[in-house]
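Undergrad: A structural model of the following input is requested.
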Amino acid sequence: MKTLIIVALFFLSLTSCSSQSEIPTPVVDTKTLYPSPEVVIPYHTDWTKTHYIERIATFKANPLQFGDIVMVGNSITEQGGDWGKRFNNPKVKNRGIAGDVTAGVLNRLAEIYYYKPKKVFIKIGINDLFHNELTPEYVANNIKLIVDKIHLESPSTKIYVQTILPTANNNPSKERIAATNTILKAMPPTNYLQIIDLHSRFADKNDVMIGSYTNDGLHLTELGYLAWQYYIIEFVNN
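TA: Numbering: from 1, shown residues only. The predicted model follows:
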């Protein structure tokens, strides 16, 4: 009788394990990863409010894939076009939105960290600095929050923070850009975070954008994009 009881308990335990293994893994509705069309981001211009929603709709229709390399930023990133072609690597994806600010990036991180990218390249902040009430400390702190949130949700992702580029018309002021970059460059490197000082590569001896790199004092010419590619290709491909 004791033997029969032991055998019965053995098969009961197998049945229990089998039932547990058959419990389905929760499925995430990926459409919920994106901001609502009704979202309002502080410090977006009227044009950017519309463009932000349009770009989010584009991202939603063309979602990231697991293990991608993601370029995150504003118009300077968006206007780089197909970053996959630039690096001859289809895993490199463009998540730039013209006119975006640090708060806008914070609001759209769910797609990025959900897909557990291999690497994320962040270049954001210049549009914040057009607003004098937004201090360099505010901008740098938001960038830190972006880094922290990505790392929390996707610990294996390597994150690269690129310093804010110079402009050629002193707007925002060189001092405000420099103050923000000083804080960013003081972020201690870790096994998941690296700072890339793009600013110094794009600035001339007067600390303004090299003339051939810009078409309006802020946005980049193709030569500027080629310079950017050259400076970060080792980080993208290594």
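
Undergrad: and the next helix or strand past the helix or strand of the chain with the lowest mean pLDDT?
TA: Least confident helix or strand of the chain, by mean pLDDT, DSSP states H and E, is helix 2-21 with a mean of 44. Per DSSP states H and E, the first helix or strand lying C-terminal to helix 2-21 is helix 46-61.

Undergrad: chain center to the helix or strand where Val70 lies, what's the gap?
TA: Element membership of Val70 [criterion: DSSP H and E] is strand 69-73. Remark: strand 69-73 is offset 5 Å from the chain centroid, using CA atoms, centre = their mean, to the nearest Å.

Undergrad: elements contacting that strand?
TA: Packing partners of strand 69-73 (3 or more CB pairs under 8 Å, 6 or more residues apart in numbering; DSSP states H and E): strand 92-96, strand 119-123. Where you see a C-beta, it was placed from the backbone N, CA and C, and this is true even at glycine.

Undergrad: how about these in JSON lines, adding mean pLDDT and distance to Thr30?
TA: Converted to JSON lines, the helices and strands packed on strand 69-73 look like this (pLDDT from 0 to 100; distance: least, CB to CB, whole Å):
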{"stretch": "strand 92-96", "mean pLDDT": "98", "distance to Thr30": "15"}
{"stretch": "strand 119-123", "mean pLDDT": "98", "distance to Thr30": "18"}
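
Undergrad: distance to Leu218 for those - can I get that in CSV?
TA: Shown next, in CSV, are these (distance: least, CB to CB, whole Å):
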stretch, distance to Leu218
strand 92-96, 14
strand 119-123, 13
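
Undergrad: which stretches of this protein aren't confidently modelled?
TA: Applying pLDDT under 70 to the chain flags residues 1-27.

Undergrad: mind redoing it with 80?
TA: Applying pLDDT under 80 to the chain picks out residues 1-28.

Undergrad: center of it - which residue?
TA: In the chain, the centroid-proximal residue (CA atoms, centre = their mean) is Val72; its distance is 3.5 Å.

Undergrad: for that one, give the beta-bridge partners.
TA: On the basis of DSSP bridges, Val72 is bridged to Arg95, Ile122.

Undergrad: report the separation between Asn142 and Glu38.
TA: Distance, Asn142 to Glu38, using CB to CB, to the nearest Å: 22 Å.
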